[in-house]
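Colleague: starting from these lines, generate the structure:
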Amino acid sequence: MLTSTSMSTSPASSIRAPAEPSGDVPLASIFLIVLAVRVLNALATRTFFQPDEFWQSLEVAHRSVFGYGYLTWEWRTASDGSSPLRSFAHPLVFVPGYWLLRVLRLDDTFLLRLVPRLLQAVFAALTDLETFRLADALLGTRGAWAALLSSLFNVYGLHTGARTFSNALETLLCLAALRLWPLSLPADEEYHAVPDGPLKWSHLRKSLALAALAIIIRPTAAIIWLFLGVRLFHSLSQNICNAGIALERAFTVVLLVPDVLVIGVAALLFTVMLDSWHYGTLAVTPIAFLRRNVLDSLSLFYGVSPLHFYFSSALPVLGFTTLPFMLQGFWAALRPDLLGVDESTRRRYGVRGERDPVGLQSLAYLTIWTVLAYSALGHKEFRFIQPLLPVLHIFAGYAFALLTGRIAELLSLAAGERQIRQQRRLQQNAGATALWHLGNTVRGVPRALRRFKTAWQILARRRYAQIALMAHLPFAAYLLLFHCRGQVEVMDRIRQLHRAGSIHSAAFLMPCHSTPWQSHLHTAGLEIGGLSGEGGLLWFITCEPPDRGTQLATYRDQSDVFYDDVHSYLAQRFPPTVDPVFPPSPAAAALPSAYLTGSGPKHTWPSHLVVFEELLGRSGQSGQSVAGLLAERGYAEQERLWNSHFHDDSRRLGDILILGWTGQTEAEPAVALGS
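Modeller: Here you go, the predicted model:
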């Protein structure tokens, strides 16, 4: 009979609980090492990747704490009065750090930009640790260390690990929930390893709670948990061979459904209360997100990718040179090879020495489902399948550590791991004090480093495995230190110039959201005169989506109109001369009624312009270049910041230039632009 803490452990119906981490190294020691790696990762991150890193997290948190900053359309009430799309849950994570800096009056220091990255480094380290723990439960110690190495070397993980994307927190929450989820259903005694113990309801409830948090952070995480939920209920209906088992399964469902409902309703209420408090009005952001992005297909406004995008582009980027090993591990997990391993061995040690072949197979099915489900959506990005990256590392660990060598060696290793795990449980049950744990953690660091070394040596048995991992590092270094570096540095330079009294106002004539904003600039003096971003003393060319009812196919945003003919836009949408007072630019100049018809208010010329070098080479119908027009208005190059050797967006090619108004016209001596 099912109890409040466990289920029957009969072979036909046992639900496997996640195994305790194995090995002789404390998890805290491993965490300290991976945290050190991720902190270095954070300190090395100097470049720009995608706008959401700043505009969907830090900018919102900055505005909440300091009272100024720009809110993109997702964070504003729609013209029809509907709720904003985004929940405040993710930006809330960064609010305490900003608040503490404000209280300590340290917000004008480098810590404003460093603290969020360090917090993100903690999340990345926890993700590494959870990858290790899940791999340990499924593969054993050798596979866990190999999976951890795959995670730490991965170029995509290094490039995005310290970036404040909501996908990173979604990945951590989903991974922690997966570790507690009963992946081993349905139990197939053909090749299932011996369970480590019955499922505790507390594990399942924690897993559901973590999954709910992941969905709050990113509603699309429901794609993952829809599959796992359906698979769990389907599994409970399998292998029912007598009335007793049928009654037990029915009782399990009776207990499980209320848990799902209670946790789901609690998560929804929490979201509504948090967002209603933040926005000052009733806000049901999950419904608004679903309606606008999915039902209204608004996400397609930001790009449509081909059906094969995740197969041909995203997975190769996420896996890079270790993708062949990930695919090998995936295939082995999907189709366990039962030949050559007797039934007794399979039940005790799995097929190849792994602990849970069925759990691995569940992850393989989950990978297929998730990639196919996201492929059905028109708008695609690498980040959307980021929650699968730890799973891919586990597959790589499977290929690195277990899909080689003799079965006798693997079985001997598995037996030794079980003895070590039993010893650790005895230690944990001895009532060790906090001081003992602290000392054990410190003493465990050298052992953890030795285990890393041993795991690295084991990889030498796989041809090209070490080379495949090492190949990630030079690319990661380039992406972290150089590629698109100027897009971040320019905000620091603008801040320095403003504090030196050299800048009165600035306009960013570049593709929308090409740089961070007040989360890096942190200059309230440039907020005077209007809503940040669309007008005032600091503004940029926007890319607001259409209102509901507007045809996506015919709608053109300000960025589209601007880049259709930059010369004409500057000649017609700005005054013919520069007002040396540099009055604030009206926010209404960014509205479609202004830039589409030409009858609305015009922009005002600022004291400084920020542009990509590519812009200056564009010409108007008269043949005059943009550089020539700006020289006529009295602008000259003051700063040049290197940005990248190449870029996938032709509008962002070349260096980033800060052009300042000198008061000199083209007929007078002036510094040549773009020189």
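
Colleague: in PDB, could you pull the C-alpha coordinates for stretch 66-74?
Modeller: Provided in PDB are the C-alpha atoms of stretch 66-74 (Å, rounded to 0.1, in the frame of the first residue of the first chain):
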ATOM      1  CA  PHE A  66      16.700  53.300  -9.200                       C
ATOM      2  CA  GLY A  67      13.500  54.700 -10.800                       C
ATOM      3  CA  TYR A  68      14.800  55.200 -14.400                       C
ATOM      4  CA  GLY A  69      15.600  53.100 -17.400                       C
ATOM      5  CA  TYR A  70      13.800  51.900 -20.500                       C
ATOM      6  CA  LEU A  71      11.000  49.400 -20.700                       C
ATOM      7  CA  THR A  72      10.500  47.600 -24.000                       C
ATOM      8  CA  TRP A  73       7.000  47.000 -25.200                       C
ATOM      9  CA  GLU A  74       6.700  43.600 -23.500                       C
END
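
Colleague: ok, and what's touching it?
Modeller: Here stretch 66-74 makes contact (C-beta atoms under 8 Å, 6 or more residues apart in numbering) with 55-56, 59-60, 62-63, 84-86, 98, 102, 107, 513, 517-519, 522, 524, 527, 531-534, 544-545. Backbone N, C-alpha and C define where each C-beta goes, glycine included.

Colleague: what subset of those residues is buried?
Modeller: 55-56, 59-60, 62-63, 84-86, 98, 107, 513, 517-519, 522, 527, 532-534, 544-545 (16 or more other C-beta atoms under 10 Å).

Colleague: can you list the domains in the protein?
Modeller: 27-470, 486-661 (automatic domain parsing).

Colleague: what strand or helix carries the nearest residue to Leu175 once chain neighbours are set aside?
Modeller: Distances taken as C-beta to C-beta, 6 or more residues apart in numbering place Glu130 nearest to Leu175, at 4.5 Å, with adjacent residues excluded. Glu130 belongs to helix 111-138 when assigned by DSSP states H and E.

Colleague: what's the average pLDDT for that helix?
Modeller: Mean pLDDT, helix 111-138: 96.

Colleague: packing partners of that helix?
Modeller: Where contact means 3 or more C-beta pairs under 8 Å, 6 or more residues apart in numbering; DSSP states H and E, helix 111-138 is packed against helix 27-44, helix 95-103, helix 141-153, helix 166-180, helix 357-375, helix 389-401, helix 518-521.

Colleague: would you mind listing the buried residues in the next helix or strand after the fourth one?
Modeller: For helix 166-180, the succeeding helix or strand toward the C-terminus, using DSSP H and E, is helix 201-217. Of all the residues in helix 201-217, those buried under the rule 16+ other C-beta under 10 Å are 201, 203-217.

Colleague: quick one on the thing from earlier: among the contacts of stretch 66-74, name the ones in helices.
Modeller: 59-60, 62-63, 98, 102, 518-519 (DSSP state H).

Colleague: what's the closest of those residues to Ser559?
Modeller: Glu59 (18.3 Å; C-beta to C-beta).

Colleague: quick check: pLDDT value at the closest one.
Modeller: 96.

Colleague: remind me which residues of the protein are low pLDDT?
Modeller: 1-24, 185-200, 238-242, 245, 249, 336-354, 404-444, 528-533, 665-675 (pLDDT under 70).

Colleague: which helix is the longest one in it?
Modeller: The chain, longest helix under DSSP H: helix 243-279.

Colleague: show me what contacts Val391?
Modeller: Applying C-beta under 8 Å, 6+ apart, the residues near Val391 are 178, 363, 366-367.

Colleague: one more time with 6 Å, if that's ok
Modeller: 363, 367 (C-beta atoms under 6 Å, 6 or more residues apart in numbering).

Colleague: then Ile223?
Modeller: Ala373.

Colleague: again, only using 10 Å
Modeller: Counting by C-beta atoms under 10 Å, 6 or more residues apart in numbering, Ile223 makes contact with 215, 369-370, 372-374, 376-377, 384-385, 387.

Colleague: ok, now Ala267?
Modeller: 89, 208-209, 211-216, 286.

Colleague: let's have the residues you listed in TSV, adding distance to Trp642.
Modeller: Below are these laid out as TSV (distance: C-beta to C-beta, whole Å):
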residue	distance to Trp642
Ala89	37
Leu208	49
Ala209	47
Ala211	44
Ala212	45
Leu213	41
Ala214	39
Ile215	41
Ile216	40
Pro286	42
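
Colleague: between those residues, which sits nearest Thr577?
Modeller: So of the contacts of Ala267, ranked by how close each gets to Thr577 (C-beta to C-beta), first place is Ala89, at 48.4 Å.

Colleague: quick check: that closest one vs Val272, distance?
Modeller: Using C-beta to C-beta, to the nearest Å, we find Ala89 at a distance of 11 Å from Val272.

Colleague: what do you get for Ser64?
Modeller: From Ser64 to Val272 the distance is 18 Å (C-beta to C-beta).

Colleague: just Ser207 next, same as before
Modeller: 23 Å.

Colleague: show me where the stretch 501-650 of the chain has strands.
Modeller: 506-509, 538-540, 608-612, 635-641 (DSSP state E, counting those that start in this stretch).

Colleague: right, I'll call it a day here.
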